[in-house]
Structure formats: structure tokens, C-alpha cells
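1. got a sequence here, can you build the structure:
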Amino acid sequence: MDGVRRGWRECVLAGAVFAVCMAGTTLPTPLYPLYQEKFGFSEFTVTVVYAVYAFGVIGVLLLVGNASDAVGRRVVVLWGLGFAAASAVCFLCATELGWLYAGRLLSGVSAGLFTGAATAYVMELAPHGGASRATFVATAANMGGLGCGPLLAGVLAEYAAWPLYLPFVVHLALVAASVAVLLRLPETVRERMPLRTVRPHRPALPAQVRAVFGPAATASFVGFALFGVFTSVSPAFLAESLDMQNHAVSGLVVALAFFASTGGQLAVGPIGVRRSLPLGCAGLLAGLALLAGALYWDLLALVVLSALVGGAGQGLTFRAALASVSHASPADRHAAVISTLFVVAYAGISVPVIGVGALTGPIGLEGAGLVFIGCMAVLVSSAAAYLLRRPVPEEA
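-> All right, here's what the predicted structure looks like:
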């Protein structure tokens, strides 16, 4: 019993470290209007600054996505915390736009190192037979951390001094505490290899994973795209269209989407993986429809409902996708397959978001959002139709 209790304690502590890293990646979200005012850049530039993060994630996943399979989970996670600290320092030193690009890129590198390694680490630290709950800890740490970032920054920016500095000082303190925690956790990779054995790889999947991966990755892409739009342009929409200048409210609206995602992930247990994927797709479709209504009628209530419904749908699809893909992958390709899933997911918060920013100039923020919603609705509807015809195995 002591071993089981110790295993869950280590699993949760690793999840907390995961959450701290991910919180840093969304920390600037409610601060973008302040940076626009300070540096005088456009809404399109906001989306590019935001998307630079995704390019950092994808680059790391492609270059060293399987590094933790070779050199160990803990050392890769430690490097991820180092890059998270470097990102916070860039934002603290920001005197021009280039610092924001550098900070976002380093934040993406940090998240890229964390996604595959920390997810696998959390799941492997759990006691035997706890795979389902460990998957929830990993995905909840991911999404819960992403939600805490804008909430923390929004509250500090609105009610404390130094709004462009204090959030990053707090995050640096949390990163330091995370390093101390991580150094007390055990390594889970028993047979480690030298760093030189890690090679760049193209996204590739073992044959037994491919049938599950397609629809799961499509749903993940749409869910992350929805979050990408919320975290990059929703502060501007709230300020310009709804005259909502409160940074704490702006951060809360974004955080609600991520917290709802955590609730959706928790629901996968009683609902089951087989039904969670198509049901989550339906939730994403409903969230997109509510967002369209919010853009068309300029209603804050619909923005909040879109965050809650779309976030819950994203949580259902993401945890079910991770569980089904993880179940289908061989043990020696575990982190590499998870990293490939994240490559697709993080593509969803780069390409569509930049597209929205590019369209904002000629057709306005509302028009660009409606075009985005139409494209994502087609994708998620196709994934749902496929999953209804060929559901994933329930044992995942």
C-alpha cells in the first residue's frame, strides 16, 4: 500500500511540474493588448507572435521528440524547465517586439520538450493498473496549466503593480520550485542511451496505430485550433467589440476554456473512450457554433458558453485521443507516438491562427473568425462521421 501511495504522490508531483511549464506558455495571453499599446503592432502581429510558440513546439517534437525514450524522462523535463525560465527572462527584458518573438519561441521549445516526455513520465510514475487515472493526471496537468497561465497574468495585470513584469517573476519562482521537486523524483527509463543516439525524425507511425491516429489527430487539431483562437485574438475581441478592458476578465474567459477541457477529460472515464471521441467532436461543433453567434451578435454570454462547451468537447476528444493512440503504440515507441500526436495538435494553434490574423485586415476580426469557424466545422464533422462508422476500441 505504501508503494501505491508513493507512486501516486510522485505521479501527481510530476503532473504539477507539467502544469507549471504549461502555465508559462499562456501567461502572455491577457497581456497582448498592453504589448500592442507599448510597441504599436497590429492584430496580425499578435497572431504571429502567438504562433511562433507552436513552431517552437513542432520543431522540437520533430527534431528530438523521442529524446526521452533514449536519455530519460527527467533530464528532458529539466531542460524544458530551463527553457521556460529563459522565456520568462525574455519577457522581463522586452524593450521591443523581437523580445516577444524570442520569448514565445523559447516557450515553444520548453513545451515541445515537455509534451511527449512529461506525459509519458506522469503515466509511468503511476502505480501498476493506474493507467487511466494517470492519463487524466497528464492531460489535466497540460490543460489545467494552460488555463492557470492567463488567469494568473490577468489578475496580476489588473490588480497588482508592474503588469508586464510581475507575472513572469512569479512564474520564475514556480519554475525554481519545480526544479527542486523534479530532482526528488525517480527516473522511469531503465535502459538509457547516449544523447548522440537521438536523431531527427519525420512524423511516422507504427502500422497498428494508423487506423486510430487519423480521426483522433483530426479532432485534436480542431480542439487546439479553437484554443488557439481563444488565446490569441479573444482579448482583442473582448476589448474592441465588447468594450471589456478588464484584464482579469479577459484572462478568466480564456482560462474557462482550459478548465472546461479538464472537466471533459474527467468525463471520459464514465463515458468511455469509444463514445468520448464522437461526443467530443459534437461538443467542438457546438462550441464553434456558439463562437459564431458571439462574433455575429457581439455577446459576452455566448463567448463564455463557447469557451465552456468547446472546452469540454476538446477535453473529451483530447484525452480519448491520447488514450487510444497510447494504447495502440508499442512500448518502445510510446513517447515518439505521443509526440507525433502533439505535432498535429500544435499545428492547430499555428496555421489557422495566422490565417485568422491575416484575414483580420481585409474582412475584420468577426469575418475572419467566421471563416475559421466554417473550416473547422467541416474538419470536425468529417472526423465525427468517421468515428461513428469505425469507433476506436473501448479497451483503450
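
2. pull out the buried positions in the longest helix anywhere in the chain.
-> Counting by DSSP state H, the longest helix found in the chain is helix 351-389. Of all the residues in helix 351-389, those buried under the rule 16 or more other C-beta atoms under 10 Å are 352-357, 359-360, 365-366, 368-370, 372-373, 376-377, 379-381, 383-384, 386-387. (Glycine included, C-beta is placed from N, CA and C.)

3. for it, name the packing helices and strands.
-> Packed against helix 351-389, as judged by 3 or more C-beta pairs under 8 Å, 6 or more residues apart in numbering; DSSP states H and E, are the following elements: helix 43-64, helix 207-240, helix 273-297.

4. nearest to Ala153, out of these?
-> The minimum distance between Ala153 and the helices and strands packed on helix 351-389 falls on helix 207-240, with 10.7 Å, by C-beta to C-beta.

5. now the helix or strand following the closest one: buried residues?
-> For helix 207-240, the following helix or strand on the C-terminal side (DSSP states H and E) is helix 247-271. Using 16+ other C-beta under 10 Å as the test for burial, helix 247-271 gives 247-262, 264-268, 271.

6. ok, stretch 113-133 next?
-> Residues of stretch 113-133 classed as buried: 113-127, 130-131 (neighbour count, 16+ other C-beta under 10 Å).

7. please apply the same query to stretch 292-308.
-> Under 16+ other C-beta under 10 Å, the buried positions of stretch 292-308 are Ala292, Gly293, Ala294, Leu295, Leu299, Leu302, Val303, Val304, Leu305, Ser306, Ala307, Leu308.

8. Leu13 reaches Leu185, doesn't it?
-> Yes: here Leu13 reaches Leu185: they are 6.3 Å apart, a contact under C-beta atoms under 8 Å.

9. quick one, helices of the stretch 51-200 of the chain?
-> Here the stretch 51-200 of the chain has its helices, by DSSP state H, counting those that start in this stretch, at 67-71, 73-92, 97-125, 131-159, 166-182.

10. ok, which of those comes nearest Leu277?
-> In terms of C-beta to C-beta, the element of the helices of the stretch 51-200 of the chain nearest to Leu277 is helix 131-159, at 13.9 Å.

11. state the mean pLDDT of the closest one.
-> The average pLDDT within helix 131-159 is 91.

12. could you do stretch 175-183 as well?
-> Per-residue scores along stretch 175-183 average to 97.

13. and Leu174, what does it touch?
-> Neighbouring residues of Leu174 by C-beta atoms under 8 Å, 6 or more residues apart in numbering: Val20, Ala23.

14. check the one 3 residues further on too.
-> With contacts taken as C-beta under 8 Å, 6+ apart, Ala177 has the following neighbours: Val20.

15. so Ile349: helix, strand or coil?
-> coil (DSSP: H, G, I helix; E, B strand; the rest coil).

16. give me the neighbour count for the nearest residue to it once chain neighbours are set aside.
-> Closest residue to Ile349 apart from its sequence neighbours, by C-beta to C-beta, 6 or more residues apart in numbering: Gly228 at 3.3 Å. Other residues within reach of Gly228, judged by other C-beta atoms under 10 Å, total 26.

17. separation between Gly228 and Val137?
-> From Gly228 over to Val137 the distance is 24 Å, taken as C-beta to C-beta, to the nearest Å.

18. I figured Asp269 hits Ala131, correct?
-> Heads up, residue 269 is Gly, not Asp. No: using C-beta under 8 Å, Gly269 makes no contact with Ala131, being 11.7 Å away.

19. just want the angle from the worst-scoring helix or strand of the chain on mean pLDDT to helix 131-159.
-> One helix or strand of the chain scores below all others by mean pLDDT, DSSP states H and E: helix 334-347, with a mean of 80. Angle between the axes of helix 334-347 and helix 131-159 is 40 degrees (criterion: axes from the mean of the first three to the mean of the last three C-alpha atoms, to 10 degrees).

20. and helix 334-347, what does it pack against?
-> Helices and strands touching helix 334-347, by 3+ C-beta pairs under 8 Å, 6+ apart, are helix 43-64, helix 67-71, helix 97-125, helix 207-240, helix 300-328.

21. the closest residue to Phe114 other than its chain neighbours: what's it in contact with?
-> In this structure, Phe114 finds its nearest non-sequential neighbour in Gly80, 4.4 Å apart by C-beta to C-beta, 6+ apart. Gly80 makes contacts with Cys21, Val109, Ser110, Ala111, Leu113, Phe114, Ala117, Ala118, as judged by C-beta under 8 Å, 6+ apart.

22. one more time with 10 Å, if that's ok
-> Gly80 is in contact with 17-18, 21, 60, 68, 109-115, 117-118, 175, 178, 182, counting by C-beta atoms under 10 Å, 6 or more residues apart in numbering.

23. how much space between it and Leu97?
-> 25 Å.

24. and Ser232, by the same measure?
-> Counting by C-beta to C-beta, the gap from Ser232 to Leu97 is 16 Å.

25. higher neighbour count, those two?
-> Neighbour tally, Ser232 and Leu97, criterion other C-beta under 10 Å: the higher count belongs to Ser232, 26 against 16.

26. could you double-check that that one lies in contact with Val353?
-> Yes: when contacts are counted by C-beta atoms under 10 Å, Ser232 is listed as touching Val353 (5.1 Å).

27. anything in contact with each of the two?
-> By C-beta under 10 Å, 6+ apart, the residues touching both Ser232 and Val353 are Val46, Thr47, Val48, Tyr50, Ala51, Tyr53.

28. who wins on neighbours among those?
-> Ranked by neighbour count under the definition other C-beta under 10 Å, those are headed by Tyr53 with 31 neighbours.
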